[in-house]
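Enquirer: build me a model:
(2 chains)
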Amino acid sequence: MRKIKNIELMAPAGGFDAMQAALDSGADSVYFGVDQLNMRARATMNFTLGDLEEIAEKCKERGAKSYLTLNAIIYNHDLSLIKTVVNRVKEAGITAIIASDQAVIGYAKSKGVDVHISTQLNVTNIETVKFYALFANVMVLSRELSLRQVKEICDDVVKEDVRGPNGELVKIEVFGHGALCMAVSGKCYLSLHTNNSSANRGACVQNCRRKYKVIDLEDGHELEIDNEYIMSPKDLCTIDFLDQIIDTGISVLKIEGRGRAPEYVATTIKCYREAIDAFNDETYSKEKVKDWMSRLETVYNRGFWGGYFLGQELGEWTDSSGSKATVKKVFLGKGMHYYSKAKIGQFKIEAQQLKVGDNILITGPTTGVIETTISSMRVDDVAAEIAPRGSEVTFQVDKMIRASDKLYKVVPAEEVTD
Amino acid sequence: MVVITQQREKCIGCNYCVELAFDQWRMSKKDGKATLIGAENKKGFYTLRLDYEVFDSNKRAADACPVKIIKVKVI
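Expert: Numbers count the residues shown, from 1 in each chain, chains lettered A, B, ... in the order given. Below is the predicted model:
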């Protein structure tokens, strides 16, 4: 009999809408940032310290864990702020913090707050795992390790009985899906060099995602290298070899994407949830992988590759500046009212028209993500095929919608010009 | 005269302004954000009027600011 191991699926949450989408899609835990000291400090959608209770509560209700990222480089002037944040984490009942700076790790330990070691610390061997086991129960490995190296570390944790402060064997975590960058586990100087904007303070301007030329300074000849974005790797995707990932003995699979839209989180988490469950009930198959891959391609991506897990020496570079997602969303309007007995949602169409047969997407901070197809609708209380701009439309939605929700139409990407 | 403004809430605490215009800027040990010394808070925009001699250093700070929240205007 194969031993079934419950892999924890960890989802990114850039806001309440993405968090709700993650919880509804089967995430076991979510991670998020507050204010400036996390690796997405630029993101306007970061939570604030005042949101911690609501986050902790919403996660607990669903039996999910919540982790706060506090993994930027820390200066002297940040020391008081990190104490405030760690204290608030404890008060609010957030499960743990994800940290990389020793100041954060040390203070959290002294306050009895659980620590996860961030990928920023580049854990690549068992001795480092043992060192951080003095402080942390969970560690994210460096993104540059191969499957064999990951397995060896997981085996050594068991063999050498490496236990964290909670007395249990240290849990090993890896990145399973999402954006990668060319720097070793995120330690990058490029954005700081060109824009004074440190990636290690969460302010990366993503200049690696652009196209570059090499210019011969002697004769002025300009070369474009193979027409590729030579500093912009494709996105990591492991769903096609997730069985091998789980077999290494890892405990936590992290999905990247705190800067991504709620429907990205919903689609990605649903696919990986199904894949982990399929692995557990031994129905993981090529056919299923094909279906998951085509669904993952519908949301933001720069093309996929398997990262360094399979032993590639060099990254695979993307050939596009932005997303290769096969579908895009077009804003139509806003939620108005939900008739819960009849399960009818009412929306105001403010931008483009809605038609019967359209695939739609509804997102909001409490609603999360709803995806459905319009089979029939009523405009100003009369059955209609088209709801023009300015009209009020009602149609069947199985889940409750709210006035804070936005309504989008989902269309093939080639139909949309940016 | 120059008017310096800072949209303080968006500060990510990188410390550049302090390095480039030390006479006007300090990092707050309270919340880790940069503080424009002596500035008046007008709905989140911290504002300070000073003599023209501080223009160069503060212009450098404004240019270096990664989140572009510092503005220096000559009046």
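Enquirer: for A:V411, see how far away A:V113 is.
Expert: Per Cβ to Cβ, to the nearest Å, A:V113 is found 45 Å from A:V411. The C-beta positions use only the backbone N, C-alpha and C, and glycine is treated the same way.
Enquirer: neighbour count winner among the two?
Expert: Shown here are A:V113 and A:V411; by other Cβ atoms under 10 Å in any protein chain shown, A:V113 has more neighbours (20 against 15).
Enquirer: what residues does chain B put near chain A?
Expert: Residues of chain B found near chain A (Cβ under 8 Å from any Cβ of the partner chain) are B:11-16, B:27-33, B:64-67.
Enquirer: selection in ChimeraX covering whichever of these are buried, please.
Expert: Buried members of the residues of chain B next to chain A, defined by 16 or more other Cβ atoms under 10 Å in any protein chain shown, are picked up in ChimeraX with:
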select /B:11,12,13,14,15,16,27,31,32,33,64,65,66,67
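Enquirer: run a quick neighbour tally on the closest residue to chain B within the stretch 101-250 of chain A.
Expert: Nearest residue of the stretch 101-250 of chain A to chain B: A:S197, at 3.3 Å (Cβ to the nearest Cβ). For A:S197, the tally of surrounding residues (other Cβ under 10 Å) stands at 26.
Enquirer: thought it was touching A:V205?
Expert: Yes: judged on Cβ atoms under 8 Å, A:S197 makes contact with A:V205 at a distance of 5.1 Å.
Enquirer: between those two, what contacts are shared?
Expert: A:S191, B:P66 (Cβ atoms under 8 Å, 6 or more residues apart in numbering or on different chains).
Enquirer: who's in contact with the residue in the stretch 301-418 of chain A that chain B sits nearest to?
Expert: Closest approach between the stretch 301-418 of chain A and chain B, counting by Cβ to the nearest Cβ: A:P365, at 20.4 Å. Residues in contact with A:P365 (Cβ under 8 Å, 6+ apart) are A:G15, A:F16, A:D17, A:Q20, A:S404.
Enquirer: give the contact list for residue 41.
Expert: Looking at chain A here, since you left the chain open. With Cβ under 8 Å, 6+ apart, A:A41 has these contacts: A:G33, A:D35, A:A72, A:R201, A:G202, A:A203, B:I12.
Enquirer: nope, chain B
Expert: Counted by Cβ under 8 Å, 6+ apart, B:N41 has contacts B:R8.
Enquirer: what do you get for the one 3 residues further on?
Expert: Residues in contact with B:G44 (Cβ under 8 Å, 6+ apart) are B:Q7, B:R8, B:E9.
Enquirer: how about residues contacting the lengthiest helix in chain B?
Expert: When chain B is parsed with DSSP state H, its longest helix is helix B:55-64. Contacting residues not belonging to helix B:55-64 are listed as A:196, B:2, B:4, B:16-17, B:20-21, B:23-25, B:68, B:70-72, B:74 [Cβ under 8 Å, 6+ apart].
Enquirer: one more: stretch B:13-28?
Expert: With contact meaning Cβ under 8 Å, 6+ apart, stretch B:13-28 is reached by A:36-37, A:75-78, A:81, A:196-198, A:201, A:203, B:4, B:32-37, B:48, B:50, B:54, B:57-58, B:60-62, B:64-66, B:70.
Enquirer: show me what residue 70 bridges to in the sheet.
Expert: The chain I'm using is chain A. Under DSSP bridges, the beta-bridge partners of A:L70 are A:A99.
Enquirer: my question was about chain B
Expert: B:Q6.
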